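# generate coordinates for the sequence data below:
(chains A and B)
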Amino acid sequence: MNVTHPLAEAWLARLAAVSGRLPADRAAELEADLRDHLVAALAGAADEDAVRRVLADLGEPEAVVAEAASDLPPARQAPDVRREVAALVLIVGAPVLLFFPPLTGLAWLVGVVLLWTSRVWTVGDKLLGMVPALTPAAVVVLGLTNWTAASRVVVVEGAEGGPQVGPLLPESDPTVWLGVLAALVVASVVAVVVLARRLRR
Amino acid sequence: MESDPALLNQLRRGVVEFCVLALLADDERYGYDLVVALADAGMVASQGSLYPVLARLRRDGLVDTTWRESLEGPPRRYYRLTAAGHAALDSFRTAWAQFSASVDRIVRKATP
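As a prediction, the model looks like this:
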C-alpha cells in the first residue's frame, strides 16, 4: 500500500532512518502501523497544508522511536577489545621479531601481560592463550636439544664422559619430536582463532 | 495557566495504556480512530507516539487485533480487549479511584 504524498513518504523515510536501534521486527511493525495511519489520515487531505497538518499531529519520528524504545534495555555497548587484539598481535608477532631479540622478549612479555589482564577472556581462555605464547619457546628448546643431541652422536662418538645434553625426546626417531612441534603449532593456530572468535559478539 | 508539557508527559506515563484499554472496553475500534480520540483528549503529546503503546499492549496480550476490509481503501486493523485486557482494566479502575481520590484530597488541602 502506498502513501499518496511525497511529504508523507519523506516522514516515513525519516522514521526508517531513526528506527535502527529498535529490533527489526518492532521497526517493521512500527513502520506498518504508521503507514496505515498516514493512508487513513491523508484520505481526507485535500492540499499540501492539510498534509502538513496531518504530519504535525503525528509528531516527530524521533519521538515515536523514543517511545518504542522506552521499554528496551539500554543499548548494550560492544566490549572494547583493543587490549585483546593487541595481546594476540604481540604474542603471534613476537617470534617474527626473532632477529632482534630484545624486541621479541618485550613484545612477548607485553602480550602475555595483556592476555592475563583481559576482562573479556575467561581464565580458561587465558590458559589457552599460553599455548601460542609458549610454542615458540618449545620449538626452540625441542629443536635445539634434539639437534644438539643428534649432532653430538656424530661429533663425540667414542668420547668418554663430558657434559651430555640429553634430548627431551628419543633422538632415535626425529618424527616424534617433529610431530610434537607440528602439533604445538597447529594447537597455537587453533587457540589464536578461538580467542579471536571470542572477541566477536 | 498553561500546563507544563514535561509535567504532563510524566503524568501520562503509565496511564495512557489504561486509557486505551478503557476506550476498548465496550467495543472494538479502528487503530487510527483510537489514536485520534486519545490525542484529541490530550492523553499523548503526539499521535505517532501512541503506536508503540498499542504495539506494547499487543505484545503483552492485553489487546488483540483483526484486519477488516474497508470500503475506502486497504484493510484496517481493529483493536479489541482480550480477557487479560479486561482484567487489567478492572484492576486499574479500582486502583485509580483510590489513587485519584487521595491525590485530590491532598492537593486540594494543600492549596488555600
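
# for chain B, which spans come out with low pLDDT?
Applying pLDDT under 70 to chain B flags residues B:1, B:110-112.

# contacts only, for the residue in it that chain A sits nearest to.
The nearest approach of chain B to chain A comes at residue B:46, 2.4 Å away (Cβ to the nearest Cβ). Quick note: C-beta positions are derived from backbone N, CA and C, even for glycine. Residue B:46 sits next to A:57-60, A:63-64, B:39 when contact means Cβ atoms under 8 Å, 6 or more residues apart in numbering or on different chains.

# these: which two are farthest apart?
Within the contacts of residue B:46, A:60 and B:39 form the most distant pair, 14.2 Å apart (Cβ to Cβ).

# re earlier: could the contacts of residue B:46 go into TSV alongside neighbour count and secondary structure?
Shown next, in TSV, are these (neighbours: other Cβ atoms under 10 Å in any protein chain shown; DSSP: H, G, I helix; E, B strand; the rest coil):
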residue	neighbour count	secondary structure
A:57	16	helix
A:58	25	helix
A:59	19	coil
A:60	18	coil
A:63	17	helix
A:64	26	helix
B:39	19	helix
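
# looking at those residues, which is nearest residue A:20?
Nearest to residue A:20 out of these is residue A:64 (Cβ to Cβ; 13.5 Å).

# surely the closest one meets residue B:52?
Yes: taking Cβ atoms under 8 Å as the definition, residue A:64 is a contact partner of residue B:52 at 6.6 Å.

# quick one: common contacting residues for the two?
By Cβ under 8 Å, 6+ apart, the residues touching both residue A:64 and residue B:52 are residue A:30.

# might one say that residue B:36 is in contact with residue B:44?
No: if you go by Cβ under 8 Å, residue B:36 and residue B:44 don't touch, sitting 10.6 Å apart.

# so which strand or helix has residue B:64?
Residue B:64 is part of strand B:63-68 when elements are defined by DSSP states H and E.

# ramachandran angles for residue A:69?
Residue A:69 adopts backbone torsions of phi -90, psi 0, taken as degrees, to the nearest 10.

# pLDDT wise, what is it at?
In the predicted model, residue A:69 carries a pLDDT score of 91.

# can you pull the contacts of it?
A:21-22.

# picking up where we left off before, separation between the residue of chain B closest to chain A and residue A:34?
Distance, residue B:46 to residue A:34, using Cβ to Cβ, to the nearest Å: 11 Å.

# identify the contacts common to these two.
What both residue B:46 and residue A:34 touch, as defined by Cβ under 8 Å, 6+ apart, is the set A:58, A:64.

# spit out the contact partners of residue A:67.
Residue A:67 sits next to B:49, B:52-53 when contact means Cβ under 8 Å, 6+ apart.

# where does residue B:80 sit: helix, strand or coil?
Secondary structure state of residue B:80, per DSSP: H, G, I helix; E, B strand; the rest coil, is strand.

# what residues are up against residue A:81?
Per Cβ under 8 Å, 6+ apart, neighbours of residue A:81: A:120, A:199.

# longest helix of the chain?
Just going to use chain A. Secondary structure of chain A read by DSSP state H shows that its longest helix is helix A:123-155.

# to clarify, I was referring to chain B.
Longest helix of chain B, by residue count under DSSP H: helix B:83-110.
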